[in-house]
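Got a sequence here, can you model it:
(2 chains)
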Amino acid sequence: MKYLSEYRNLEATKRYLELIEKTAIKTWNIMEICGGQTHGLVKNGIINLLPENVRMIHGPGCPVCVTPLNLIDKAVELLENGVIVCSFGDMVRVPGSKKSLLEAKANGGDLRILYSPMEAVNIAKQNPDKEVVFFAVGFETTAPANALSVLHAKKEQVKNYSILVSHVLVPPAMEGILGDEFCTIDAFLGAGHVCAIMGMKEYYPLVEKYKIPIVVTGFEPLDLVQGIYMALVQLEKGEHKLENQYARVVREEGNLEALKIIASVFEVGDREWRGIGTIPDSGYVLKPQFRDYDAESKFGVSSITTPENSECIAGQILKGIKKPHECPQFGKACNPSNPLGAPMVSSEGACAAYYHFSNHLN
Amino acid sequence: MNKIDLGYDSINLGHGSGGLMTRDLLDKIIFETFSNPYLDQKHDGSIIKMDGKMAISTDSFVVSPIFFKGGNIGDLAVNGTVNDVAMCGAIPEFLSLAFIVEEGLAIDDFIKIVETIKKNADRSGVKIITGDTKVVERGKGDKIFINTTGFGKVHPKADISAKKIKPGDKIIISGPIAQHGMAIMSQRDGLEFESSIESDTTNLNFLVSKLLDSFGDKIHLFRDPTRGGLASVLSEIASDIHMGVNITESALPIDDQVAAACEMLGLDPLFVANEGIFVSIVDPEIASEMIELMQKDDKGQRAICIGEITEEHPNKVVMHSVIGGKRMVTPMIGEQLPRIC
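The predicted structure follows:
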């Protein structure tokens, strides 16, 4: 724990908060991309410790929140048709148009909550008479492990394994936000763990095109206040650079081995984002030679389309246009036991963060 | 005990039929193990004499896996109910014991669980005085479910009631949090990880009784933060008493390995189950003396004050974070789910 406790140090965090107070003259809107960062900010009470003129806007970096409704419906349909569906835990309580995976499990579906897609390949080997599908959601961070599971399944000729892919990419989402006419973002805290895989190079063009500071930032309290401070220094000086606060984890070139694995299995394609819509070239799809491992084509569930709940403003939340407590349904019709949309369910969702950690604090 | 021969390797439906096979199972395992004057009457129930105020608590145990690091379902079945009775300020004396067994459970496993129950009952000073054994078809249960009900006399000096809590009262926890839940999590299918984390399951009745001897009605509440963890218990207390609860993150006792496992799996230790600790809310004047006394007992060595009751933010639990911020602590909603990344 030593490596973590240093980044949860009261004195060091205080020093940066003082620096932030001194540095921020004008009013600035800084968006943290990743839901993990949103939770770090709210859970540690950092938002309330920042000066009023430094406003944190919560970004779309919650993979569960941006997974489209129809994909959850597809996973539910697979469960109801006797397929063993394996998923990360976050995903199982997110409401589909009729039910969540957890409800489908209660009705007899064989749902397994796993930490690693490799485990799903093992389940497929142990159950040769059943089909096994891993619900492969996530940003670039989870792509290498999902890709690896497909490579293993192919190598070991596990034919009853496939993945339901919903991989999304951070840079196109940032570009989508910056291109929105309501965008008020002055700087970004880049998603540390995504950059640990992908490296920094994708972000230079964004910095140049939109003249916006991006500071790749970690998740602990000290990381967050340091990242905010670095962004403010640039903003007050009128600069726009790509900086790396999270250098203890993120290398300029990324994780080359992981990138190689991703490139061997996935290619970039259009993806639908829940609450935002389809963004061109914003996700991963399986390469043609791996189509046998694509659950959507394997089971012919690709035609389900379902409308979102009209009362949920997840799209505006995910683009940072509105804050969770500005939603009329927040804490009322929409709460973690009865969520209208994914941001209220996921451990990384902005609405859940506000509900759990700061709902009635003020 | 292991020499018991029922003529079968595993429990089958016949053992729950009420016929000779049931009698054989009860005689050779249950009555043999738990023999006492109440049970030996082999009647439909037991007649006990108890004067004055009594506390009764019942609990069902469905843990999976049934054997885990630091114990098995039998430990929980005794300690869980014994502790619930103790949390009422009572001294547990009797337990009922009911099994629902799924056919196919190995007799050896059943015997191990029964022996564990016996060991814990002896250690807690309670007698098993009535019980039941049912067997269900394969697939209709999950190896074994146990229900126990505990009976105890309320300690003469105890006056446990949330109504007595007032602003300024101190919140004391008896030991490190999140151990049981993480021990179970480390052995769940699909989530296994290498660790030496053991369940903290234990009986707390003697420590509770000792505290009541010394501090009597200055102790306003006992609660054991089992399912839902510390966060759920504190949230319930705050909303019951319509006052605020303040806790300090840096004071929360947690073992490094447990904290690391929670970190790795993305779980909040405040929501993780405990089986061998309790929270007490006490008059501030006795807090430090009570902590000292607790620390001398091996079940309270790491007792510490984690916060206090306040008039501010009624119905809410607020945690002061290690970096000087504040956050709300809300009760757990459903089962805590591991994070995606």
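
From A:Gly320, how far out is whatever residue of chain A ends up closest to chain B?
Nearest residue of chain A to chain B: A:Gly45, at 2.0 Å (CB to the nearest CB). Using the backbone N, CA and C atoms, a C-beta is placed for each residue, glycine as well. Taking CB to CB, to the nearest Å as the measure, A:Gly45 falls 21 Å from A:Gly320.

and if you look at A:Ser116?
For A:Ser116, the distance to A:Gly320 (CB to CB) stands at 32 Å.

more neighbours, the two?
A:Gly320 (23 against 18; other CB atoms under 10 Å in any protein chain shown).

can you tell me which residues contact the more buried one?
A:29, A:31, A:57-60, A:177, A:183-185 (CB atoms under 8 Å, 6 or more residues apart in numbering or on different chains).

Touching, B:Asn205 and B:Glu93? I think so.
No. In this structure, B:Asn205 is not within contact of B:Glu93 by CB atoms under 8 Å, at 9.9 Å.

filter the contacts of A:Gly320 to the buried ones?
A:29, A:31, A:57-60, A:177, A:183, A:185 (16 or more other CB atoms under 10 Å in any protein chain shown).

Need these in a markdown table (columns: secondary structure, distance to chain B and pLDDT).
Output for the buried ones among the contacts of A:Gly320, formatted as a markdown table (DSSP: H, G, I helix; E, B strand; the rest coil; distance: CB to the nearest CB, whole Å; pLDDT from 0 to 100):
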| residue | secondary structure | distance to chain B | pLDDT |
| --- | --- | --- | --- |
| A:Asn29 | strand | 20 | 95 |
| A:Met31 | strand | 19 | 95 |
| A:Ile57 | strand | 19 | 91 |
| A:His58 | strand | 16 | 89 |
| A:Gly59 | strand | 15 | 87 |
| A:Pro60 | strand | 14 | 86 |
| A:Ile177 | helix | 20 | 87 |
| A:Cys183 | coil | 26 | 88 |
| A:Ile185 | coil | 23 | 94 |
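
Would you mind checking which of those is nearest to B:Asp159?
Of all those, B:Asp159 sits closest to A:His58, with 47.8 Å by CB to CB.

how about the helices in the stretch 151-300 of chain B?
B:179-185, B:205-215, B:229-241, B:256-265, B:287-295 (DSSP state H, counting those that start in this stretch).

B:Gly45 is nearest to which of the ones you listed?
Here helix B:205-215 is closest among those (CB to CB), at 23.8 Å.

Can you spell out which helices and strands pack onto that closest one?
If you count contacts as 3 or more CB pairs under 8 Å, 6 or more residues apart in numbering or on different chains; DSSP states H and E, helix B:205-215 packs onto helix B:73-87, strand B:90-102, strand B:219-223, helix B:287-295.

Mind checking these for the one nearest to A:Gly108?
strand B:90-102 (17.9 Å).

so how far is the closest one off the chain centroid?
Strand B:90-102 has its C-alpha centroid displaced from the chain centroid by 13 Å (CA atoms, centre = their mean, to the nearest Å).

part of a strand, is A:Val133?
Yes. Counting by DSSP: H, G, I helix; E, B strand; the rest coil, A:Val133 is found in a strand.

out of everything not next to it in sequence, what's closest to it?
Computed as CB to CB, 6 or more residues apart in numbering or on different chains, the closest residue to A:Val133 that is not its neighbour in sequence is A:Ala295, at 4.5 Å.

got it, and A:Pro60?
Sequence neighbours aside, A:Leu318 is the residue nearest to A:Pro60 in space, at 4.0 Å (criterion: CB to CB, 6+ apart).

what's around that neighbour, how many residues?
A:Leu318 has 29 neighbouring residues, counting by other CB under 10 Å.

and it, how far is that from A:Glu311?
For A:Leu318, the distance to A:Glu311 - CB to CB - is 16 Å.

Which secondary structure element of chain B has the lowest mean pLDDT?
helix B:256-265 (a mean of 89; mean pLDDT, DSSP states H and E).

Give the buried residues for that helix.
So, applying 16+ other CB under 10 Å, buried residues of helix B:256-265: B:258-262, B:265.

Good, wrapping up.
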